[in-house]
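Q: here is my input; please provide its structure:
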Amino acid sequence: MNFTRRNLLVLAAAVGIAGGTSFAYAADTLNVGSYPNNPPFEYKTDSGSFEGFEVDVVNEAAKRAGMTTAIADYGFQALFAGTSSKRIDVAISSITITPERLKSQSFTQPYYDSDMGVATKDGNDVKGIADLKGKIIGVLSGSTGEKWVKDNKAADGFADIKGYNSQQDMFLDLGAGRVDAVVSDVPGMQYLFVKMKGFAIKDRIKTGEQYGLMMTKDSPLLGKINDAITAMKKDGTMQTIHKKWFGGDAPATSSTVTEMPIPKA
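A: Coordinates of the predicted model:
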């Protein structure tokens with residue numbers, strides 16, 4: 001068959017239409033990055049799928065926004081580069097909303113309130129923060145736990161700080177005595193200790209931390225996803241998800257059930 005220039009233009013237009021259809025389909029997909037070992041907020045199952053409190057939250061929010069989710073595993077620190085570069089639209093991994101992060105990221109309204117805690121091996125003589133002087137502290141790299149330990153290292157006399165890319169590796173080192181204590185989020189540690197025995201939370205650090213969905217700075221999807229979260233709070237869906245993963249209702253005044261504004265830098 002002989003192709004004229006007109007034939008080629010028609011063919012090119014057809015390819016363009018097909019490409020546009022593919023792009024429209026992609027636009028209906030919310031690309032989500034998730035740290036794969038952070039139960040009960042998110043974790044990867046043996047089948048390769050993701051489950052957890054925040055997985056249910058982002059899946060339901062996307063559904064209400066007329067979208068589906070595609071969730072991929074990222075290291076915790078890589079989540080920030082992922083949203084900044086627009087490789088992903090949303091990051092989930094119990095990410096605390098902070099003024100510093102709001103300079104380069106956007107967040108939905110918060111949906112979970114959390115404290116940090118100091119954990120050690122059972123039987124360790126550490127009873128609280130005051131006993132950490134001269135100790136080696138393990139933290140998840142890039143976390144607010146790491147920031148707190150660094151900010152308080154001089155005042156509290158910590159000997160050293162050791163960063164980890166996974167919670168499991170951090171607690172394996174704690175069990176082996178390579179670090180003396182760990183500073184991390186209380187809910188995640190409580191869930192972990194149900195299965196990983198031999199550890200205990202010795203002290204709580206009141207931080208006023210709140211978690212939200214982290215998104216690309218000024219994402220055009222922010223309002224739509226945030227509105228979905230508002231609706232989930234109003235109709236009780238968020239409370240139902242909380243009860244499923246934490247075994248009880250969130251406090252009536254918590255961000256899990258209270259409508260809140262989108263955080264601003």
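
Q: and L213, how many neighbours does it have?
A: Using other CB atoms under 10 Å, the number of residues around L213 comes to 28. For every residue, glycine as well, the C-beta is placed using N, CA and C.

Q: settle this for me: it is touching V55, isn't it.
A: No. At 11.4 Å, L213 and V55 do not qualify as touching, with contact defined as CB atoms under 8 Å.

Q: which neighbours do those two have in common?
A: The overlap between the contact sets of L213 and V55 (CB atoms under 8 Å, 6 or more residues apart in numbering) consists of I92.

Q: residue boundaries of the strands in the stretch 1-150 of the chain?
A: 29-34, 37-38, 42-44, 50-51, 68-73, 90-92, 105-107, 112-121, 136-140 (DSSP state E, counting those that start in this stretch).

Q: least reliable of those going by mean pLDDT?
A: Mean pLDDT is lowest for strand 37-38 among those, at a mean of 87.

Q: the domain parsing of the protein - what is it?
A: Split into domains by automatic domain parsing, the chain comes to 7-111+212-246, 115-208.

Q: check the residue nearest to the spatial centre of the chain and give its pLDDT.
A: By CA atoms, centre = their mean, the chain has its centre lying nearest to S93, at 1.5 Å. On pLDDT, S93 comes in at 94.

Q: that one: what's it in contact with?
A: Contacts of S93 by CB under 8 Å, 6+ apart are S34, Y35, N38, F41, E42, E54, F76, L79.

Q: would you map the helices across the stretch 1-150 of the chain?
A: 5-27, 53-64, 76-84, 99-102, 144-156 (DSSP state H, counting those that start in this stretch).

Q: rank those helices by pLDDT, which is bottom?
A: Taking the mean pLDDT of the helices of the stretch 1-150 of the chain, helix 5-27 comes last: a mean of 38.

Q: go through this structure and flag its longest strand.
A: In the chain, with assignment by DSSP state E, the single longest strand is strand 199-211.

Q: I'd like to check the angle between it and helix 144-156, please.
A: Counting by axes from the mean of the first three to the mean of the last three CA atoms, to 10 degrees, strand 199-211 lies at 110 degrees to helix 144-156.

Q: so for strand 199-211, mean pLDDT?
A: Mean predicted confidence for strand 199-211 is 90.

Q: output it as PDB - backbone C-alpha positions only.
A: Taking Å, rounded to 0.1, in the frame of the first residue of the first chain, the C-alpha atoms of strand 199-211 are listed here in PDB:
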ATOM      1  CA  PHE A 199      10.800  -4.800  73.700                       C
ATOM      2  CA  ALA A 200       9.000  -2.200  75.700                       C
ATOM      3  CA  ILE A 201       8.100   1.500  75.400                       C
ATOM      4  CA  LYS A 202       9.600   3.200  78.400                       C
ATOM      5  CA  ASP A 203       8.700   6.800  77.900                       C
ATOM      6  CA  ARG A 204       6.400   9.000  75.800                       C
ATOM      7  CA  ILE A 205       7.500  12.200  74.100                       C
ATOM      8  CA  LYS A 206       4.500  14.600  73.700                       C
ATOM      9  CA  THR A 207       4.900  16.100  70.300                       C
ATOM     10  CA  GLY A 208       1.500  17.200  69.100                       C
ATOM     11  CA  GLU A 209       2.300  15.300  65.900                       C
ATOM     12  CA  GLN A 210      -0.400  14.800  63.300                       C
ATOM     13  CA  TYR A 211      -0.300  12.700  60.100                       C
END
